[in-house]
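Undergrad: predicted model and sequence follow; I will ask about them next.
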Amino acid sequence: MTTSQIPEVIVQAKPLSSEGSSILIGFPGSGLVGSIALAYMVDTLGFDSIGTMTSKYFPPMAMMSEGVISVPVRIYEKDRFVAILADIPIQPQICYEVANAILDWLKPYNIAEIVTLAGIITNEPEKRVFCVATDKTLLERLGESTIRLPIGSISGIASSLLTECKIRGIPGIGLLGETINAPDPRAAAGTVDVLKSLYNLQIDTTGLIEQAEEIEAQMHRLAEDVQTAEEQPVRKDQQLPMYG
C-alpha cells in the first residue's frame, strides 16, 4: 500500500502493476462530463479497484448503491490505464493540494501522461470536444478528433493538475466536452470517443447515448408536469402539503 506525502490529502492504493501508465481523471464539474465518462469506462471495460483518496476538506458526503457505501474518490486500474474517479467536487481552496497529492503518489511509476476529463458550457447542440495540453506534440497526437482552445483559461482541479504537469515536465492533456449545465451523457460520450481514438480502445458508447435519451425523456416529462401544475388553478379551500 502506497500513500501520498501531503497530510491534507490521503491517497491509499496498491502499487501500480507497471510503469508508464496513462492516468485518466474525472471529477464532477460542468455537465458531470468527466465523472460520467470515466464511470462508464471503468464499468464497461472492467477496471479493478486499487485504492481511495480522502481528505478532511472533502464534502461530508458518500454515494451508495443498494445500501452499500462508496468512497467518494476512488482509484482503478486496468492494463496500462489508471482511472481516478470522484463523486464529489473539489473546492478551489484545496485544488492545489489534491493535484500535488495525486502527482506525488504517481511519481515512482514514471507515468506516460495525465488526461483530465471535464466539461465546457456552450449551450450549443454539437457536443464537440475541445482540448488543451502541456505542449504542442500532445495536441498533434489528438489530430482532428478535438478542437484546440485558441485562447482563454480553464479552472478547477483540471487546471491545477495540468499546471502541475507543466511544472514537473509530465505530459498533460485536458479534454473538455461541450455541454449544458446539466448531467450530459452525450457530452461524456464525445470525450470517450476521443479516448477511444487516442488509445485504440474497444469500447462502445451506445450505452451512454441511451442514458442521454432516458435523461432527456425524464426532463421532458418533468417540464410537462410543471406546466400542467402551473395551469391548474388553486382553490382557496385546497389543503397544500407542508414540508420541514
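TA: The structure has been received and is ready for your questions. Residues are numbered from 1 along each chain as shown.
Undergrad: so residue 175 makes contact with residue 188?
TA: No: Residue 175 lies out of contact with residue 188 (C-beta atoms under 8 Å); the separation is 10.5 Å. (Each C-beta comes from the backbone N, C-alpha and C, glycine too.)
Undergrad: where do the strands sit along the chain?
TA: Assigned by DSSP state E, the strands in the chain fall at 2-3, 9-13, 22-26, 48-55, 63-65, 68-70, 73-78, 81-86, 113-121, 129-133, 147-148, 172-179.
Undergrad: kindly compare burial across those strands and name the winner.
TA: Greatest average neighbour count among these goes to strand 172-179 (a mean of 27), per mean count of other C-beta atoms under 10 Å.
Undergrad: for that strand, output the C-alpha coordinates as PDB.
TA: What follows is strand 172-179, C-alpha atoms only, in PDB (Å, rounded to 0.1, in the frame of the first residue of the first chain):
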ATOM      1  CA  GLY A 172      -0.800  16.500 -19.600                       C
ATOM      2  CA  ILE A 173      -4.000  16.600 -21.800                       C
ATOM      3  CA  GLY A 174      -7.300  18.200 -20.900                       C
ATOM      4  CA  LEU A 175     -10.400  17.100 -22.800                       C
ATOM      5  CA  LEU A 176     -13.400  19.400 -22.400                       C
ATOM      6  CA  GLY A 177     -16.800  18.100 -23.600                       C
ATOM      7  CA  GLU A 178     -19.200  20.700 -24.900                       C
ATOM      8  CA  THR A 179     -22.200  20.700 -22.500                       C
END
